[in-house]
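Visitor: take a look and give me a structure for this.
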Amino acid sequence: MNHYVQYLSELIPDKDSLKLVKTEAKKLYKEHTAQECYEIYPILYQSDNFQIQEVGVFLAGYIADEYPEALTFLHDTVSLHESWKVQEILAMAFDNYCAKIGYENALATIREWFADKSANIRRAASEGLRVWTSRPYFREHPEVAVKLLAGKFLV
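Guide: So this is what the prediction gives:
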């Protein structure tokens with residue numbers, strides 16, 4: 001998989017390119033099995049290039065429903081990353097996970113993240129609510145999003 005790191009190193013410019021990062025992460029996810037993605041995301045995250053790290057974070061979010069270790073990685077490792085840009089991707093990756101399993105099914109995990117002692121984890125969960133209100137479950141149940149944001153986790 002080092003060839004993929006090399007490919008991304010040559011493809012991704014020095015300047016920040018979120019659109020390209022998202023495109024490449026989605027492409028990688030669609031072209032590889034979940035098992036292959038599970039093997040790839042930690043390698044990408046170890047890159048010195050933060051945008052390649054972001055591809056790895058997105059990938060972990062895409063497979064977290066099948067590999068709980070990937071969700072743990074997002075929670076325990078990515079949340080400690082010093083870059084606010086990578087923290088933004090953590091929020092998007094968490095949203096991808098929630099979307100994939102269904103927001104209603106993700107409520108227990110969402111509540112856990114909202115109650116976490118880490119500000120980065122709470123932020124990843126709350127940032128998602130900005131877009132979750134456009135998601136069918138939260139559009140139909142806006143009171144759930146309001147309760148989560150207000151710290152009332154009994155929904």
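
Visitor: got phi/psi on the spatially most central residue of the chain?
Guide: In the chain, the residue lying closest to the centroid (Cα atoms, centre = their mean) is residue 93, at 1.3 Å. Backbone geometry at residue 93, expressed as degrees, to the nearest 10, gives phi -70, psi -40.

Visitor: how close does it get to residue 147?
Guide: Applying Cβ to Cβ, to the nearest Å, the value for residue 93 to residue 147 is 24 Å. C-beta coordinates here come from the backbone N, C-alpha and C atoms, glycine included.

Visitor: try residue 140
Guide: 14 Å.

Visitor: and these two? which has more neighbours close in?
Guide: residue 147 (16 against 9; other Cβ atoms under 10 Å).

Visitor: check which residues of the helix or strand hosting residue 60 are buried.
Guide: According to DSSP states H and E, residue 60 maps onto helix 50-63. Buried residues in helix 50-63, counting neighbours by 16 or more other Cβ atoms under 10 Å, are found at 50-63.

Visitor: list just the nearest of these to residue 22.
Guide: residue 58 (6.8 Å; Cβ to Cβ).

Visitor: let me know whether the closest one touches residue 20 as I believe.
Guide: No. With contacts counted by Cβ atoms under 8 Å, residue 58 stays clear of residue 20, the gap being 11.7 Å.

Visitor: shared neighbours of these two, anything?
Guide: Shared contacts of residue 58 and residue 20 (Cβ atoms under 8 Å, 6 or more residues apart in numbering): none.

Visitor: buried stuff in the helix or strand that contains residue 38?
Guide: Using DSSP H and E, the element containing residue 38 is helix 34-45. Neighbour counts using 16+ other Cβ under 10 Å place 37-38, 40-42, 44-45 of helix 34-45 among the buried residues.

Visitor: what does it rub up against?
Guide: For helix 34-45, contacts defined as Cβ under 8 Å, 6+ apart pick out 1-2, 4-5, 8, 28-29, 32, 52-53, 55-57, 59-60, 62-63, 66-67, 69-70, 73, 77-78.

Visitor: now do it against helix 50-63, angle only.
Guide: Inter-element angle recorded for helix 34-45 and helix 50-63: 150 degrees (by axes from the mean of the first three to the mean of the last three Cα atoms, to 10 degrees).

Visitor: check the offset of stretch 39-47 from the chain's centre.
Guide: Relative to its chain's centre, stretch 39-47 lies at 14 Å (Cα atoms, centre = their mean, to the nearest Å).
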